[in-house]
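# Turn this into a structure:
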Amino acid sequence: MRRLVWVAALLALPLGACDDGADDAAGQGATPDATGGQLVDAMPPPDAAPLLDAQPSPALDAAPVTPDVGGEPVQGVLEIVPGRVTLELDGPEPAVQAFTARRLPVQGDPIPLDPRAVRWRVEPRELGVIDADGVFTSAGRAGRGTVFATHQGDEAQAFVDVSSFEDVLGPGAPEDAPTRFLGPVDGACAPTPVYPEPLTAFPRNIQGVAFQWYGEGNDLFRVRFQAGDLSIAWYTTDDQVTPEGDAWEALKRNALDDRLQVTVAGVGARGDTVCEGPTFTIFVDPSLLTGAVYYWSTGDSGIMRLAQGDTAPEPVLTPAVAPFINCPACHALSRDGQRIAFTRTSFPPFGDLATSQIEAPSELNYDPSGVVGYLPSFAPSGDRVVAESGGQLVVRDVEDGAELDRLPGIAGGQAGSPDWSWQGDRVVAAMTDGGFGGIVTPQGVNLGSLFIWRNVEGVWSQPELIVDRAGADQSNDKPSFSPDGSLIAFERTGDNPGGTAMGDSSARLFITRGEGDMPVELQRANREPGLGNSWPKWAPTDRRGRMWLAFSSQRDYGHQLFNEGTDSPTPQIWVTGIDPHAEPGTDPSSPAFWLPYQSLRSGNHIPYWAVYDKGETGRP
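The predicted structure follows:
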């Protein structure tokens, strides 16, 4: 028999509150969301459709309220605590939750309020009732509404979500699967989880996450997800499960204020014994993953696009859709996603920089013959690109390829891998006297240090050293500005005279503020040495929480792709969450997740992210 679960999730929100940043429960420095009703998550989840009308109506206006008795004036923003709560109905008894209210002064500790000094109400009243002591009692039906707390003329709101869920039987799971997990528990025979890594942070709109494990002799599995008081299990005979649907959305919403705990159990290895492993934790961040990632695919010999919400990549510039364009590579997208720049990298021609509109990428803006440029980067206006040409950074017009400017260099130095900041005021690039890597193309800078050029009233400054080589065998390359301009991610490799680009397993990710600070290794994202973590690129951000940094990596993907220890790894796109509020000098990353729905048969590189919206026509 399946167990029916009713859930009520309440998101508290003051009017005019501000997010001041706080560490998450695991000490990883996660950006706070709506916990305690802070403004950073001031709207209900946009992807969750209401089940009951939450708008005021004559019936709702008549809903019972408690009086605002006032009292001595209290300064500070009004807040409801807890900020979000999940109530589970397990039988006929109603679920009950006590709420309190408090004021947040500009300075000092929060000031608790007597619940009876606050006026409470719930809309619509069919959802439940809340008494004068701030105690909410669910009416036992599905729906969505709002809880209000009023004190001395100020009002705080709480969005209320009441849903019903059942445990999920996957394909092949027998109807009596839940009853097979009632025996004695032993951890010695438990399945071994292999993906995702504990403490991984996911965006709240993530889909396609395949939780994977080795069965260790078991043949029926239960994966239980716990978010607050909400518990939902998936049963399967497979060695992986991909949660989806309303149940997955509810778990992610409820995990925003806490964490998502995952426990994998199996039966079959030892008779009736339930082989249950330890619980591990993942985090759901309030920040969304948006736009599309454009990456270079070895299997498709060109540039592919994987848009958020799509379940498969599509070709943009490959022999399948543009056979007359010779090996388009080293690409970049404008920040608004409307234009693409790339280099033709086969004979003939070789090294020609081309640009086009993303709606018709094979229709070039100009004849690129003789317009040499590698690893371009767009100005935020989208009308210019900067690219390496002959060891110099050259600015060109996107429409006709004309040279507009050259950034100053250093005698004997060669610059490459530029990135134009999202604000347009700076360019960061690698510079070296050791030449370029790659057999046939400047795929990277050997023995490079990082420099910044600043644009002051239209004039580029002399380059400023921000990250020097720490030793003769190190090289810094592929710098990339974060969307807010506060951070620069880059890769660092060991000595590699043959080239530093796609095949260097020594590549690791670092981050710097570009202000003379000591670079910090992204150890959680790197996981361990030798995984070839390279080509970092930032996704657009909605500033709700973490920022998302994509990169190419030669690590294993659970048990679906084995790279580690092989002579010919297949790099894939991975994404790490970067906490913008982490203390300077500390690692702001989280363990990385595999970007769902990319191709496992091709090596994937240069994950350039840009704004993208298909709309009703299927075109941006």
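# per the record, what domains does the protein have?
4-164, 167-285, 292-610 (automatic domain parsing).
# Worst mean pLDDT among these?
Within the domains of the chain, confidence is poorest for domain 4-164, with a mean of 63 (mean pLDDT).
# so how far is stretch 457-464 off the chain centroid?
33 Å (CA atoms, centre = their mean, to the nearest Å).
# which residues touch it?
Taking contacts as CB atoms under 8 Å, 6 or more residues apart in numbering, the residues outside stretch 457-464 that touch it are 405, 407-410, 415, 427, 431, 451-455. Just so you know, the C-beta spots here come from the backbone N, C-alpha and C atoms, and that holds for glycine as well.
# ok so, going back, as CSV, the domains of the chain with mean neighbour count would be great.
Conversion of these to CSV gives the following (neighbours: other CB atoms under 10 Å):
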stretch, mean neighbour count
domain 4-164, 18
domain 167-285, 19
domain 292-610, 20
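# Listing partners with orientation, what would you give for the helix or strand where residue 429 lies?
Secondary structure from DSSP states H and E places residue 429 in strand 426-432. Strand 426-432 pairs in its sheet with strand 414-420 (antiparallel), strand 449-456 (antiparallel), by DSSP bridges.
# Format the CA atom coordinates belonging to it as PDB.
Listed next in PDB are the C-alpha coordinates belonging to strand 426-432 (Å, rounded to 0.1, in the frame of the first residue of the first chain):
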ATOM      1  CA  ARG A 426      38.000  45.900 -18.400                       C
ATOM      2  CA  VAL A 427      39.600  43.100 -20.400                       C
ATOM      3  CA  VAL A 428      41.500  40.300 -18.800                       C
ATOM      4  CA  ALA A 429      43.900  38.100 -20.700                       C
ATOM      5  CA  ALA A 430      46.900  35.800 -20.300                       C
ATOM      6  CA  MET A 431      50.300  37.100 -21.400                       C
ATOM      7  CA  THR A 432      53.500  35.200 -21.800                       C
END
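# now do the same end-to-end measure for stretch 82-98.
Using CA to CA, to the nearest Å, one end of stretch 82-98 lies 9 Å from the other.
# can you give me the strands for the stretch 201-350 of the chain?
In the stretch 201-350 of the chain, the segments counted as strands under DSSP state E, counting those that start in this stretch are 201-203, 211-214, 220-227, 230-236, 240-241, 260-267, 274-276, 280-285, 292-297, 302-307, 314-317, 328-333, 339-345, 350-357.
# partners of the longest strand anywhere in the chain, with directions?
Counting residues, the longest strand in the chain under DSSP state E turns out to be strand 154-166. Applying DSSP bridges, strand 154-166 is found paired with strand 4-14 (antiparallel), strand 143-151 (antiparallel).
# got the angle for it vs strand 230-236?
30 degrees (axes from the mean of the first three to the mean of the last three CA atoms, to 10 degrees).
# ok, then the element right after strand 154-166?
Downstream of strand 154-166 (by DSSP H and E), the next one is strand 168-169.
# Show me what that next one is packed against.
Helices and strands touching strand 168-169, as assessed by 3 or more CB pairs under 8 Å, 6 or more residues apart in numbering; DSSP states H and E, comprise strand 230-236.
# Tell me what angle the strand it packs on forms with strand 260-267.
40 degrees.
# Note down every partner strand of strand 230-236 and its orientation.
The strands beside strand 230-236 in its sheet (DSSP bridges) come out as strand 168-169 (parallel), strand 220-227 (antiparallel).
# chain center to it, what's the gap?
24 Å.
# Convert it to CSV, retaining C-alpha atoms only.
This file holds the C-alpha atoms of strand 230-236, laid out as CSV (Å, rounded to 0.1, in the frame of the first residue of the first chain):
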residue,chain,number,x,y,z
LEU,A,230,8.5,16.1,3.4
SER,A,231,9.6,12.6,2.6
ILE,A,232,9.2,11.0,-0.9
ALA,A,233,10.7,7.7,-2.0
TRP,A,234,11.3,6.3,-5.5
TYR,A,235,11.4,2.5,-6.0
THR,A,236,13.3,1.0,-8.9
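# contact partners of it?
5, 7, 9, 86, 88, 165, 167-173, 177-178, 220-225, 241, 243, 247, 250-251, 254.
# nearest to residue 127, of the strands of the stretch 201-350 of the chain?
strand 230-236 (17.0 Å; CB to CB).
# Distance of residue 537 relative to residue 345?
Distance, residue 537 to residue 345, using CB to CB, to the nearest Å: 19 Å.
# And for residue 214?
41 Å.
# likewise residue 471?
Counting by CB to CB - residue 471 and residue 345 are separated by 31 Å.
# likewise residue 490?
In this view, residue 490 and residue 345 are 23 Å apart by CB to CB.
# And for residue 527?
Separation of residue 527 from residue 345 (CB to CB): 31 Å.
# Next: residue 97.
Residue 97 sits at a distance of 61 Å from residue 345 (criterion: CB to CB).
# Any idea which of the strands paired with strand 230-236 gets closest to residue 139?
Of those, nearest to residue 139 by CB to CB is strand 220-227, at 22.3 Å.
# Next, the angle strand 280-285 makes with that closest one.
Going by the same axes, to 10 degrees, strand 220-227 is angled at 50 degrees with respect to strand 280-285.
# okay if I get the strands of the stretch 201-350 of the chain as JSON lines plus distance to residue 376?
Output for the strands of the stretch 201-350 of the chain, formatted as JSON lines (distance: least, CB to CB, whole Å):
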{"stretch": "strand 201-203", "distance to residue 376": "28"}
{"stretch": "strand 211-214", "distance to residue 376": "38"}
{"stretch": "strand 220-227", "distance to residue 376": "43"}
{"stretch": "strand 230-236", "distance to residue 376": "45"}
{"stretch": "strand 240-241", "distance to residue 376": "39"}
{"stretch": "strand 260-267", "distance to residue 376": "40"}
{"stretch": "strand 274-276", "distance to residue 376": "53"}
{"stretch": "strand 280-285", "distance to residue 376": "31"}
{"stretch": "strand 292-297", "distance to residue 376": "13"}
{"stretch": "strand 302-307", "distance to residue 376": "13"}
{"stretch": "strand 314-317", "distance to residue 376": "14"}
{"stretch": "strand 328-333", "distance to residue 376": "5"}
{"stretch": "strand 339-345", "distance to residue 376": "4"}
{"stretch": "strand 350-357", "distance to residue 376": "6"}
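# and of those strands, who's closest to residue 548?
Between residue 548 and the strands of the stretch 201-350 of the chain, the tightest spacing by CB to CB is seen for strand 201-203, at 6.6 Å.
# max-length helix in the protein?
What stands out as the longest helix in the chain, according to DSSP state H, is helix 245-255.
# can you give me the angle that one makes with strand 154-166?
Using the same axes, to 10 degrees, helix 245-255 lies at 140 degrees relative to strand 154-166.
# So which elements touch helix 245-255?
Judged by 3+ CB pairs under 8 Å, 6+ apart, helix 245-255 is in contact with strand 4-14, strand 154-166, strand 220-227, strand 230-236, strand 280-285.
# Let's see that with 6 Å instead.
For helix 245-255, the elements it packs on are strand 220-227, judged by 3 or more CB pairs under 6 Å, 6 or more residues apart in numbering; DSSP states H and E.
# Put the alpha carbons of the strand it packs on into CSV.
The C-alpha trace of strand 220-227 is given here as CSV (Å, rounded to 0.1, in the frame of the first residue of the first chain):
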residue,chain,number,x,y,z
LEU,A,220,15.4,-3.7,-5.8
PHE,A,221,16.1,-0.2,-4.6
ARG,A,222,14.5,2.6,-2.6
VAL,A,223,15.8,6.2,-2.9
ARG,A,224,14.3,8.3,-0.2
PHE,A,225,14.5,12.1,-0.4
GLN,A,226,13.8,14.2,2.7
ALA,A,227,13.3,18.0,2.6
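# So which residues make contact with it?
With contact meaning CB atoms under 6 Å, 6 or more residues apart in numbering, strand 220-227 is reached by 181, 211, 232-237, 241, 251, 254-255, 260-268.
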